[in-house]
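Novice: Next one to model:
(one chain, ligands or ions: 2)
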Amino acid sequence: MLTHNLGYPRIGSQRELKKASEKYWAGTLSAAELHQVGTRIRQQNWQLQQAAGLDLIPCHDFSYYDHVLDTSMLVGNIPARYTPLVTQNRDATELDLYFAMARGYQHGGLDLTALEMTKWFDTNYHYLVPEFTKDQQFSLFSTRLFNEFNQASQVLGAAAKPMLLGPVSYLLLGKEKESGFHRLELLNRLLPVYELALNRLHQQGAAWVQLDEPCLALDLTLAEREAYQRAYAHLARRCPGLKLLVTTYFEGLRDNVETALKLPIHALHLDLVRAPEQLATVLPLVPGWLSLSLGVVDGRNIWKNDYQASLALIDVAVALLGPERVLLAPSCSLLHSPCDLDLETSTTSLLAEIKPWLSFAKQKLGEVRDLHQLATQAPGSAELLTHNQAALASRRQSARIHRPHIKERTAAVTEANARRQSPFAERIVVQQARLQLPLFPTTTIGSFPQTEDIRQLRARWKKGDLTDDAYQTALRQATAEVVQWQEDLGLDVLVHGEFERNDMVEYFGELLDGFAFTAYGWVQSYGSRCVKPPILYGDIHRPQDMTVAWTTYAQSLTTKPMKGMLTGPVTILQWSFVRDDQPRALTALQLALAIREEVQALEAADIGIIQIDEPAIREGLPLRRADWPTYLAWAVRAFGVAASGVRDDTQIHTHMCYSEFNDMLPAIAALDADVITMETSRSQMELLAAFADFQYPNQIGPGVYDIHSPRVPTVEEMVALLEKAQAILPAENLWVNPDCGLKTRKWPETEAALRQMVEAATQLRQVA
Ligand code: GLN
Ligand code: ZN
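Specialist: Numbering: from 1, shown residues only. Ligands and ions are numbered 1, 2, ... in the order given. Next up, the predicted model:
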């Protein structure tokens, strides 16, 4: 029974790679120095995994930006627009090209846009989307795979297991850049390059190669299944002597079981954390040539493994296949786990208390080794198990986690609690009577530029270098200035600016009971960007008001309506490490009740408009369509519970940062927010047509300009967009706002853009 790992975090436990690459981009670190940092991280990772006693250790799981981009480099899929970079600049290196594809390139008269970035399945990691053309050619381009395998072999000997994204997932994750073909038609051209790469690895001494095929766990068409057959038949035939390990993760195989089990490969990896039930279906069907890799340690979350539960799975597999046909591993790459729990050394933090229940990447390696020891009944097993079960029992019984009164409250939630008192048509009349808004009311999404001053202020206060009083005074001043500034601009519905918030989830996590925070629990989000998700470990309780003081202070400075600003339950859930000891739906409901209390507190403080941001509702959508209705039902209900504890004349807004609603419009409508603001400017209002077709009844604030760029929009273009909107939706349902919060922008462009936006609204009112 071999132990192995699918991939290790590559940012470095102190975010060394982030710091180094940002310096490299700023021109203060040389390429050689950046490579040194990368080499050091790889070596450390390998040594760590070796020390943990794993039999097979991944290499080429490292990346300077993104592993899908690495695959594009390996197979020579460099879109034509990057050619001038190489032809015009003879000094341009592979690294320059690589970062140009990742981040765009504006230099020496060249202006090359980056590859599009999108979410990696249902994680918070983002990859760079491969672009394909009809006459796409592939050829071995980057040699990094081979170099890294060489380096790994030197450190690890035979334990080095090169890994790369499999050919079918690589194609499926990309996009056609012209019409008239499907990217799977490129498979025949792509396979010879994979064949070359694999054989070269074999020549270099590789015994195993790991090919990640996460798409094999998605809903597949017949053509896609057929592509899997074809691809692996080809590789098995042309690369004899190599042991191919195909990995699936993030979902069960379900209806793809047959396809997967027919592949002529050596071993197949299953995610038994996300889909433990698939083992029972798969086992009786496993052909004689195939080994199974059991992903029993959660690569996506931070909880200590339940050895008893994992052993139960391992034992059935071993009983049927024999130990030599079973491999043990984490469920997926540890890329999605923070690096090392040992770095969390504070003894006073809340984390110290819950630490015995946790396991980060490094600890997960130990868990794989422990499970091997247990499964083979090696000496010391009994103590290992007792120790593990004791930790779990302490979590199960902890009064820190379990609050009976919260459980009672969630159990008592009724359908009426998730619904507003009256239908929208009636609510809007009393809201309008109270708010007295003009046609095309103007507003913003919540945050204003977070300047270095503001960041410094928060950082100094957190460190204890600034007293609470001094901090509050400074923030109040910033808030007061921005209220006056919005009045001067002539905006209709104002916001307080969110200067007290570092992050829209962390801010609420810190004020709610049930969350803990790490000091070093960073996870890569994309490129050099890392996030440090809070750990939602216990029943959620709101011991105090969270936003009321800031909102009422801001409201006291103006007669215009001040919009209260909250993060919604689904988004808080989605951007945290959440408990695995109760369904996500239940955790969402607990969060919803806490937000509901805050909404009610704002209403009681006479705040007439409250926005509940839910930018993450869409990314929570399950990977398999069949699971969508269940998810949408509880997600919509959670929002409903958060939003519906108010009178009819309190106006609820929500905000979402994207525009792909087409497949979930009924759910959006079911949220029944009085106003929804969203992104549309980049999609040129196409989305609104879908809302119009759907006869979406409530009010809509289609973002009239893109805040992701410093560009200041013209009045004309915003008027044109709104005229388009007005042509298909009732004018009295339209709001005028940017497409997201402004915290990443600078003040001058923000002021210029909002001035033009107000002018656009004014012009429209004159015509109307
Ligand atoms: N209210 C938040 C802000 O303006 C919304 C951010 C978001 O949608 N991601 O920053
Ligand atoms: Zn947004």
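Novice: Which positions in the stretch 51-200 of the chain make contact with ligand 1?
Specialist: Applying the criterion CB under 6 Å from any ligand atom, no portion of the stretch 51-200 of the chain neighbours ligand 1. Yep, even glycine has a C-beta here, placed from its N, CA and C like the rest.
Novice: ranges for the strands of the stretch 51-200 of the chain?
Specialist: Taking DSSP state E, counting those that start in this stretch, the strands of the stretch 51-200 of the chain run over residues 57-59, 105-107, 110-112, 117-119, 126-128, 131-132, 160-165, 175-176.
Novice: Show me the one of these that comes nearest V493.
Specialist: With CB to CB as the measure, strand 117-119 is the member of these nearest V493 (31.1 Å).
Novice: which bits of the stretch 651-768 of the chain sit near ligand 1?
Specialist: Counting by CB under 6 Å from any ligand atom, the stretch 651-768 of the chain sits next to ligand 1 at 655, 657, 740-741, 743.
Novice: Which members of the residues you listed are positioned in strands?
Specialist: H655 (DSSP state E).
Novice: Report the secondary structure state of whatever residue of the stretch 301-450 of the chain ends up closest to ligand 2.
Specialist: Proximity of the stretch 301-450 of the chain to ligand 2 (CB to the ion) peaks at I445, 5.8 Å away. Assigned with DSSP: H, G, I helix; E, B strand; the rest coil, I445 falls in the coil class.
Novice: OK, contacts around A752?
Specialist: By CB atoms under 8 Å, 6 or more residues apart in numbering, the residues touching A752 are V712.
Novice: tell me the phi and psi of the residue nearest to R427 when sequence neighbours are not counted?
Specialist: In this structure, R427 finds its nearest non-sequential neighbour in D648, 4.5 Å apart by CB to CB, 6 or more residues apart in numbering. For D648, the backbone dihedrals (degrees, to the nearest 10) come out as phi -60, psi -30.
Novice: wait, D648 sits on Q432?
Specialist: No. Using CB atoms under 8 Å, D648 is not in contact with Q432; the gap is 11.3 Å.
Novice: More neighbours: which of the two?
Specialist: Shown here are D648 and Q432; by other CB atoms under 10 Å, D648 has more neighbours (18 against 13).
Novice: Leaving out sequence neighbours, find the closest residue to the residue of the stretch 301-450 of the chain closest to ligand 2.
Specialist: With CB to CB, 6+ apart, the residue lying closest to I445 is G741, at 4.5 Å.
Novice: for the one you found, what are its contacts?
Specialist: 444-447, 498, 707.
Novice: Find the pair from the residues you listed with maximum spatial separation.
Specialist: E498 and I707 (14.0 Å).
Novice: follow-up on the earlier one: and the residue nearest to I445, how far from V712?
Specialist: 17 Å (CB to CB, to the nearest Å).
Novice: how much space between the residue lying closest to P534 once chain neighbours are set aside and D545?
Specialist: Excluding the flanking residues, the one nearest P534 by CB to CB, 6+ apart is G509, at 3.9 Å. In this view, G509 and D545 are 16 Å apart by CB to CB.
Novice: likewise V704?
Specialist: 33 Å.
Novice: And the two? Which one has more around it.
Specialist: Per other CB under 10 Å, whichever of V704 and D545 has more neighbours is V704, with 28 against 17.
Novice: need the contact list for the closest residue to the more buried one other than its chain neighbours.
Specialist: Once flanking residues are discounted, V704 sits nearest to M718: 4.5 Å by CB to CB, 6+ apart. Going by CB under 8 Å, 6+ apart, M718 touches 704-705, 736, 756-757, 760.
Novice: where does L665 land on pLDDT?
Specialist: pLDDT recorded at L665 is 92.
Novice: I'd assumed F691 was in contact with it.
Specialist: Yes. With contact defined as CB under 8 Å, L665 reaches F691; the gap is 7.1 Å.
Novice: With neighbour numbers in mind, choose between these two.
Specialist: F691 (26 against 15).
Novice: quick one: pLDDT of the residue sitting nearest the centre point of the chain?
Specialist: Taking CA atoms, centre = their mean, the centroid of the chain lies closest to N124, which sits 1.5 Å from it. We have a pLDDT of 92 for N124.
Novice: Now it. Nearest residue, chain neighbours left out?
Specialist: Here the residue nearest N124, using CB to CB, 6+ apart, is S525, at 5.7 Å.
Novice: how many other residues sit next to H269?
Specialist: The burial count for H269: 26, using other CB under 10 Å.
Novice: and the two most separated of the contacts of M718?
Specialist: Going by CB to CB, the pair spanning the contacts of M718 furthest: V736 and Q756, at 11.0 Å.
Novice: what's around the residue of the stretch 301-450 of the chain found nearest ligand 1, how many residues?
Specialist: Using CB to the nearest ligand atom, the single residue of the stretch 301-450 of the chain nearest to ligand 1 is G446, 2.7 Å away. For G446, the count of nearby residues is 25 (other CB under 10 Å).
Novice: can you check the one 4 residues further on too?
Specialist: The criterion is other CB under 10 Å. On that basis, Q450 has 19 neighbouring residues.
Novice: if we can go back for a sec, which of the contacts of M718 sits closest to E185?
Specialist: Y705 (38.7 Å).
Novice: May I ask which helix or strand encompasses that closest one?
Specialist: For Y705, there is no helix or strand it lies in under DSSP states H and E.
Novice: who touches the residue nearest to it when sequence neighbours are not counted in this structure?
Specialist: Residue nearest to Y705 in three dimensions, not counting chain neighbours: P713, with 4.0 Å by CB to CB, 6+ apart. Contacts of P713 were listed using CB under 8 Å, 6+ apart, and they are 681, 704-706, 753, 756-757.
Novice: Correct me if wrong: L268 contacts V246.
Specialist: Yes. L268 is within contact range of V246, at 5.5 Å (criterion: CB under 8 Å).
Novice: and these two? which has more neighbours close in?
Specialist: Neighbour comparison, L268 and V246: the larger count goes to V246, with 26 against 23 (by other CB under 10 Å).
Novice: Pop out the phi and psi values for that one.
Specialist: Per degrees, to the nearest 10, the backbone of V246 is at phi -100, psi 130.
Novice: V429 now?
Specialist: phi -70, psi -50.
Novice: burial count for it?
Specialist: Neighbours of V429 under the rule other CB under 10 Å: 13.
Novice: Give me the three-state assignment for the residue nearest to P534.
Specialist: Quick answer, by three-state DSSP: G509 is helix.
Novice: For it, give me its contacts.
Specialist: 515, 517, 534, 536, 572, 576.
Novice: which SS state does the first one fall under?
Specialist: Assigned state for F515: strand (three-state reduction, three-state DSSP).
Novice: Burial check on S556, number of neighbours?
Specialist: Per other CB under 10 Å, the neighbour tally for S556 reads 10.
Novice: got it, and Q695?
Specialist: Counted with other CB under 10 Å, Q695 comes out at 8.
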